[in-house]
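*Asks:* A predicted structure for the sequence below; I have some questions about it.
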Amino acid sequence: MTDRYDVVVLGVGAIGSAATYHLSLRGREVLGLERYGIPHTMGSSHGISRLHSLSSSRGGEYVRIARRAYELWEALSAATGEQLFHHTGHVRAWPADGDGHRGGIEDAIDGLEENGLEYERLTGAAVNDRWPGYSLPADHEVCYQPDSGFLDPEFTVSTHVRQAARHGAEVRAHERVVDWRADDDGVRVRTEKGAYEADELVVTAGAWAATFVEELAGVAVPERRVMAWLQPTDPDRFLPENFPTFSVDVAEGYHYGAPTYRVPGFKVGNRPRIRETIDPDEMSREVTAAEEELLRRFAGRYFPAGAGPTARLAACIVTMTPDERFVVDRHPDHDNVTFTGGFSGSGFHVSSAVGELLADLTTGEEPAVDPAAFALGDG
Ligand SMILES: Cc1cc2nc3c(=O)[nH]c(=O)nc-3n(C[C@H](O)[C@H](O)[C@H](O)COP(=O)(O)OP(=O)(O)OC[C@H]3O[C@@H](n4cnc5c(N)ncnc54)[C@H](O)[C@@H]3O)c2cc1C
């Protein structure tokens, strides 16, 4: 016996939980299949906070999808009565003499202006005066976006799944998908526990996406990242009301971070100079002393009142594309299969809007954002 659904969603992390929710909102019978728990810490969607910055140097469509995601976070909060989005504003800083990771200040400002979003152009010195947790180089160029903030990733995934269930979706955790096949009659998905049929398949398998969509092999490549939470010596400076989230290019490379929230430390993460491609099934989840030391050294220099004892460390997986543009597309050989991949370290904040876009592509409705910007091979 095989159960039949309208849509099977393969992988219920950030994107899959949002797709399950948006499809169920439209009255579709949805089955979400997840190999781990809801939520879990083996993929890309854990670690206390995720930045939601409305500024992006990757072009107007990336700002538009971030803005649409923001509207959807607010709508989901209103529907549940839960606070999902924490407003802090976002500080994006570059060296005075050049661009950084993913372009420069002019690209970021163009994207904000194109989308009618507010911003302030500041210097590092002005940032340090206004938010005393910061100690950026005085001449750094800064774009401050006041509507940005952060989300709690595990709570957000759980909220999408809870709300999807209220609209009739079924989610089966601890059920690993083995393979799928598709033809004109629909799709058949095999798991370690059974088999399911559906009209449509949505593949949202994150770091494992290329296992199920071979077109993503070599395009969406998993890498290891680490995060640290450090206990401030002056805790008030690092509370959400006093400390905007940040992403900065400095001599030590690209770093990002968020205020103290839920655990007794402010968060720092980096993009390591030596990138480590991994197999997500084999990756070490232990953070080494050397990795911790790099993050502590960065915090000690640019956030000195934050760099007290380490409170927490975690490892996580990002899935990178060569140009850091993510993929949301129809399968080239099967028009009843849609897939995502390669969110390149910034997929969480847009997950609500990507879930909506997947629902649009699956049900044939007019999308709120232009899907062509996220097509495979169009980056
Ligand atoms: C350290 C770190 C910091 C980050 N910071 C930010 C940030 O500040 N802002 C931001 O926007 N983004 C950030 N990101 C990126 C963001 O978290 C990811 O882009 C996003 O979580 C990806 O979601 P996903 O649904 O694609 O992957 P996941 O959430 O990992 O979901 C994929 C799911 O598929 C499941 N799956 C895989 N194989 C199978 C199978 N065979 N059967 C069933 N299920 C399967 C997995 O178990 C998993 O649950 C960060 C990432 C990391 C690692």
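*Replies:* That came in fine, so what should we check first?
*Asks:* for the protein, which residue gets nearest to the ligand?
*Replies:* G13 (2.0 Å; CB to the nearest ligand atom). Every C-beta, even on glycine, is put in place using the N, C-alpha and C of the backbone.
*Asks:* for this structure, what spans make up the helices?
*Replies:* 14-25, 60-80, 105-114, 124-130, 153-166, 209-212, 289-302, 351-363 (DSSP state H).
*Asks:* for this protein, what lies in contact range of the ligand?
*Replies:* Proximity of the chain to the ligand (CB under 6 Å from any ligand atom) is limited to residues 10-16, 33-36, 43-45, 47, 50-51, 176-177, 204-208, 225, 227, 269, 316-318, 343, 345-349.
*Asks:* list buried residues within those residues.
*Replies:* 10-16, 33-36, 43-45, 47, 50-51, 177, 204-208, 225, 227, 269, 316-318, 343, 345-349 (16 or more other CB atoms under 10 Å).
*Asks:* okay, and which of those map to strands?
*Replies:* L10, L33, R50, L51, V177, R225, M227, G269, C316, I317, V318 (DSSP state E).
*Asks:* I'd say the second one and V189 touch.
*Replies:* Same thing as L33. Yes - proximity of L33 to V189 meets the contact threshold set by CB atoms under 8 Å, at 6.9 Å.
*Asks:* common neighbours of those two, please.
*Replies:* V8, L10, V177, Y196 (CB atoms under 8 Å, 6 or more residues apart in numbering).
*Asks:* so what touches stretch 97-105?
*Replies:* Contacts for stretch 97-105 (CB under 8 Å, 6+ apart): 56-58, 92, 94, 107, 121, 141-143, 249, 253-254, 271, 324.
*Asks:* highest neighbour count among those?
*Replies:* Most neighbours among these, by other CB atoms under 10 Å: R92, with 27 neighbours.
*Asks:* give the closest residue to that one in space, chain neighbours not counted.
*Replies:* Spatial nearest neighbour of R92, chain neighbours left out: C143 (4.8 Å); criterion: CB to CB, 6 or more residues apart in numbering.
*Asks:* ok, that neighbour - contacts?
*Replies:* S55, R92, I105, A108, I109, L112, Y119, E120, R121, L122.
*Asks:* for it, list each beta-bridge partner.
*Replies:* For C143, the beta-bridge partners are R92, R121 (DSSP bridges).
*Asks:* and it, what pLDDT?
*Replies:* Predicted confidence (pLDDT) for C143: 96.
*Asks:* enumerate every residue touching R26.
*Replies:* A359, T363, E365.
*Asks:* again, only this time at 10 Å
*Replies:* With contact taken as CB atoms under 10 Å, 6 or more residues apart in numbering, R26 is in contact with D6, V7, H167, E356, A359, D360, T362, T363, E365.
*Asks:* the second one and A164, how far apart?
*Replies:* V7 sits 11 Å away from A164, going by CB to CB, to the nearest Å.
*Asks:* give me the pLDDT value at M1.
*Replies:* On the pLDDT scale, M1 is placed at 54.
*Asks:* any low-confidence regions in the stretch 51-200 of the chain?
*Replies:* Regions of the stretch 51-200 of the chain meeting the criterion pLDDT under 70 are absent.
*Asks:* as TSV, the contacts of C143 with distance to E74 would be great.
*Replies:* Compiled in TSV, those are given as follows (distance: CB to CB, whole Å):
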residue	distance to E74
S55	18
R92	22
I105	28
A108	23
I109	24
L112	19
Y119	20
E120	22
R121	26
L122	26
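*Asks:* and the two most separated of those residues?
*Replies:* Greatest spatial distance among the contacts of C143 (CB to CB): L112 and L122, at 13.8 Å.
*Asks:* partners of the closest residue to A209 other than its chain neighbours in the sheet?
*Replies:* Distances taken as CB to CB, 6+ apart place G341 nearest to A209, at 3.9 Å, with adjacent residues excluded. Taking DSSP bridges as the rule, G341 bridges to V327.
*Asks:* now G341: how far from V12?
*Replies:* Using CB to CB, G341 is found at 16 Å from V12.
*Asks:* pull the contacting residues for the residue nearest to A209.
*Replies:* So G341 contacts 15, 203-210, 212-213, 215-217, 219-221, 319, 321, 326-329, 347, 376 (CB under 10 Å, 6+ apart).
*Asks:* cutoff 8 Å now
*Replies:* A205, G206, A209, A210, V213, L216, V219, A220, T319, T321, F326, V327.
*Asks:* got a quick PyMOL command for the buried subset of those?
*Replies:* In PyMOL syntax, the buried subset of the contacts of G341 is picked out as below (16+ other CB under 10 Å):
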select buried, resi 205+206+209+210+213+216+219+220+319+321+326+327
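*Asks:* biggest separation within the contacts of G341, which pair?
*Replies:* Farthest pair in these (CB to CB) is A205 and T321. Separation: 15.2 Å.
*Asks:* please parse this structure into its domains.
*Replies:* Split into domains by automatic domain parsing, the chain comes to 3-45+154-219+323-374, 87-149+221-320.
*Asks:* for those domains, which one sits closest to L72?
*Replies:* domain 3-45+154-219+323-374 (3.8 Å).
*Asks:* quick revisit: pick the most buried one from the helices of the chain.
*Replies:* Mean neighbour count (mean count of other CB atoms under 10 Å) peaks for helix 14-25 among those, with a mean of 30.
*Asks:* tell me which residues of stretch 85-96 come out buried.
*Replies:* The neighbour-count check on stretch 85-96 (16+ other CB under 10 Å) flags F85, H86, T88, G89, H90, V91, R92, A93, W94, P95 as buried.
*Asks:* quick one: which of those is nearest E29?
*Replies:* E29 has its nearest neighbour among the buried residues of stretch 85-96 in F85, at 29.7 Å by CB to CB.
*Asks:* which residues does the closest one contact?
*Replies:* H52, Y70, W73, E74, S77, G149, F150, L151.
*Asks:* test my guess that the fifth one contacts H87.
*Replies:* No - in this structure, S77 sits apart from H87 without contact. The criterion is CB under 8 Å, and the distance is 11.5 Å.
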